[in-house]
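Participant: Can you look at this prediction? I've put the sequence above it.
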Amino acid sequence: MIVPEKLKNGDEVRIIAPSTSHSILSKENIELSTHRLEQLGLKVTFGNYINESNSLITSSIESRIKDLHDAFKDNNVKAILTSIGGYQANQLLSYIDYDLIRNNPKIFCGYSDITALGNAIYAKTGLVTYSGIHFSSFGMVKGFEYSLEYFKKMFLEDDEVSSIEIEPSTEWSNDAWYMDQENRKFYPNEGYLVINEGECEGTAIGGNLCTLNLLQGTEFMPSLEETILFLEDDKLTCPKTFDRDLQSLIHQTGFNGVKGILIGRFEKVSQVSNELIQTIIHTKKELSHIPIVANVDFGHTSPMFTFPIGGKVNLRVKQNEVKVTLHRK
């Protein structure tokens, strides 16, 4: 396991677009996102090819690989943030120079489609990567405080702090905030949904479930032995697709080594209710003996915390208490 150095004042952060093109972002989003990162004392630079866009609204494989490699090669760059998620990140996996990444470890962070890259890089190099907010997430005007707090806790606060206790957000949202920053709806957070009680320690793996499953049967899939899975899905999910995607993961070699599962909050349009989550979990005997908790603050609703793919996690689940501890080192 290789843990990248945390960020210091004046460090350079490179923005790349390995999935959907950066060109879809509004001028206002780019300006606010850049400003917020600069307020943290960071220098923001951009990949050379992030605004390219073809009929799939992404740049070429060659351009995306060039930006990724350039960011890891550049000694001035201390962290790499993805511009946005989308599709097509898994096109890059067989073209990446994993030795280059292993020899130039640094923070790599994004979520959604970036799940493919974060988990593959960890599997191939041992470098801890991060599932967390995109560059574009910094352009959220309202309801961003929680996400920013945990970004800072993971990457910016005193390096002597070895662990982070995750507290649930007070409220959450699920809207196209980038289309309308003013007229937004926030819901009180009713807390975690405890499905199975228990305690465990393991290595964090996962992110977006349907994207993680793209790695099944390949050299890019991380080992599931001694892991705690972080699983979430997006608006394309319905109860039946979540069920079969989870079942597919259960069928993978090494799944019996999974120690616990955290499930990110579902988007409203998916109609995955608490009752349906519990039904899906309880139909799977392979999950009956491990702690499982749902409605956790990561995934495609806002806000979200940042977690380390390949990092150590402690999980304690009781009916009246859920404790999630992420280790920074």
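Facilitator: Received the coordinates, thanks. Numbers count the residues shown, from 1 in each chain.
Participant: Check Asp159 and give its pLDDT.
Facilitator: pLDDT recorded at Asp159 is 68.
Participant: now the helices for the protein?
Facilitator: Ranges of helices in the chain, per DSSP state H, are 27-39, 61-73, 98-103, 115-125, 145-155, 209-212, 239-250, 274-282.
Participant: List every C-alpha atom in the first one, with coordinates, as CSV.
Facilitator: As requested, C-alpha coordinates have been extracted for helix 27-39 and formatted as CSV (Å, rounded to 0.1, in the frame of the first residue of the first chain):
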residue,chain,number,x,y,z
LYS,A,27,-18.0,29.2,-17.2
GLU,A,28,-19.5,30.0,-13.8
ASN,A,29,-18.8,26.5,-12.5
ILE,A,30,-15.2,26.6,-13.6
GLU,A,31,-14.6,30.0,-12.1
LEU,A,32,-16.1,29.2,-8.8
SER,A,33,-14.5,25.7,-8.6
THR,A,34,-11.1,27.3,-9.3
HIS,A,35,-11.7,30.1,-6.8
ARG,A,36,-12.6,27.7,-4.0
LEU,A,37,-9.5,25.5,-4.6
GLU,A,38,-7.4,28.7,-4.6
GLN,A,39,-9.0,29.8,-1.3
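Participant: Reformat the helices of the chain as JSON lines; add mean pLDDT and mean neighbour count.
Facilitator: No exception for glycine: its C-beta is placed from N, CA and C like everyone else's. Converted to JSON lines, these look like this (pLDDT from 0 to 100; neighbours: other Cβ atoms under 10 Å):
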{"stretch": "helix 27-39", "mean pLDDT": "97", "mean neighbour count": "16"}
{"stretch": "helix 61-73", "mean pLDDT": "98", "mean neighbour count": "19"}
{"stretch": "helix 98-103", "mean pLDDT": "98", "mean neighbour count": "15"}
{"stretch": "helix 115-125", "mean pLDDT": "98", "mean neighbour count": "25"}
{"stretch": "helix 145-155", "mean pLDDT": "97", "mean neighbour count": "19"}
{"stretch": "helix 209-212", "mean pLDDT": "97", "mean neighbour count": "24"}
{"stretch": "helix 239-250", "mean pLDDT": "96", "mean neighbour count": "17"}
{"stretch": "helix 274-282", "mean pLDDT": "96", "mean neighbour count": "16"}
